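Asks: Predicted model and sequence follow; I will ask about them next.
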Amino acid sequence: MSDRRTRKPRTVRAQTARASAPAAKVAKKPAKKSASQTRSQTARAKRPVVRKAKTSEVAQRRAVIATALDMSRTALSPGRSGNVSCRWPGGMLITPSGMAYEEIEPADIVFVADDGSVRPKSRKPSSEWQFHLSAYHARPDRHAVIHTHSMHATVLACAHKSIPAFHYMVAIAGGMDIPLVSYATFGTKELADIVAAGLAERDACLMANHGQIAVGTTLGSALELAHEVEFLAEQYFKVLTLGKPKLLSTSEMKVVLERFKGYGQHAQD
């Protein structure tokens, strides 16, 4: 008799091995997409990216009114004095002449084109539309103009006094002082040219025997600056009652101006 061990048939060995091996994880095949799902995904892929729509003209007109009301109600400009505008493609949107701010509706805001023309049947624009337009031409980087007759800024302007570097916050207007520009009759081309020159290197200035003007990248920033100018004017006025003010040096103001470039949430790059 042969001593060779009896071997199981090959097929039996294979089945035994499979039975004793640990169960292998069975990879699930991805579910087959339905025709409607495929079409939906394809449509989404082809759909153009929708960008946020630009502010409508009506919305911007409402913003001009809201800014004018804020200016009036916070005593920056009493009664119907002062005016507000913002840049708009091809020109600007500005408050109408002689209307109480509480009565102004969006349709009353006037579009003035870059050449000074207005649309047919429009209201008459503010008498100061010329220096608003000149300000935009002089400062293409600014998109809103606020003109007010605020108390202390106007007092200094009537005394023909600029606001020097008595406080470092004077630099908020973009320079070492808040300058005074010379007088010219309101609503004239002469005044428009004078204001444009004053704003060439400043975001605000006092207007002799008149008031103040401030510009900004937005209506909100221009209004905020107008408030700041009035606050500084009041402080300076009170300092003058105590005697000759002690001014910051030119070298210190240069440091302040440099630091202002990196100040706040929207610092310059």
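Replies: Ah, there it is. Residues are numbered from 1 along each chain as shown.

Asks: okay, CA-based contacts and neighbour counts for the rest of this
Replies: OK.

Asks: what's near enough to touch the residue nearest in space to the middle of the chain?
Replies: Per C-alpha atoms, centre = their mean, the C-alpha nearest to the average position across the chain is that of T218, at 3.1 Å. Residues in contact with T218 (C-alpha atoms under 8 Å, 6 or more residues apart in numbering) are C86, R142, H143, A144.

Asks: Surely the last one touches V215?
Replies: Yep, that's A144 we're talking about. Yes: A144 is within contact range of V215, at 5.5 Å (criterion: C-alpha atoms under 8 Å).

Asks: Quick check: neighbours shared by these two?
Replies: In contact with both A144 and V215: A222, using C-alpha under 8 Å, 6+ apart.

Asks: and those two? which has more neighbours close in?
Replies: Taking neighbours as other C-alpha atoms under 10 Å, A144 and V215 compare with V215 leading, 32 against 27.

Asks: Relative to N209, how far out is the more buried one?
Replies: From V215 across to N209, the span is 20 Å (C-alpha to C-alpha, to the nearest Å).

Asks: One more: G175?
Replies: 22 Å.

Asks: residue contacts, A68?
Replies: A68 touches N83, V84, T95, Y101, counting by C-alpha under 8 Å, 6+ apart.

Asks: Go ahead and build a ChimeraX selection from the buried members of the contacts of T218.
Replies: To isolate the buried ones among these in ChimeraX, judged by 16 or more other C-alpha atoms under 10 Å, type:
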select :86,142,143,144
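
Asks: Out of the contacts of T218, flag the one nearest to G116.
Replies: Of all the contacts of T218, G116 sits closest to C86, with 14.6 Å by C-alpha to C-alpha.

Asks: Might one say that that closest one is in contact with H143?
Replies: Yes: assessed by C-alpha under 8 Å, C86 is found in contact with H143 at 5.6 Å.

Asks: The contacts of T218: which two are farthest apart?
Replies: Using C-alpha to C-alpha, the pair of these lying farthest apart is C86 and R142, separated by 9.1 Å.

Asks: ok so, going back, which one of the contacts of A68 is nearest L240?
Replies: Nearest to L240 among the contacts of A68, with distances taken as C-alpha to C-alpha, is N83, at 29.2 Å.

Asks: So what sits opposite the closest one in the bridge?
Replies: H147 (DSSP bridges).

Asks: Look up how far E234 lies from it.
Replies: 21 Å.

Asks: How about S56?
Replies: Distance from S56 to E234, by C-alpha to C-alpha: 38 Å.

Asks: and stretch 68-83, how far from the chain's centre?
Replies: Averaging C-alpha positions (C-alpha atoms, centre = their mean, to the nearest Å) puts stretch 68-83 20 Å from its chain's average.

Asks: Please renumber the chain so that the first residue is 6 from this point on.
Replies: I'll keep to 6 as the first residue from here, and by that count the last item is stretch 73-88.

Asks: Could you check that stretch and say which residues are buried?
Replies: A73, L74, M76, S77, L81, S82, S86, G87, N88.
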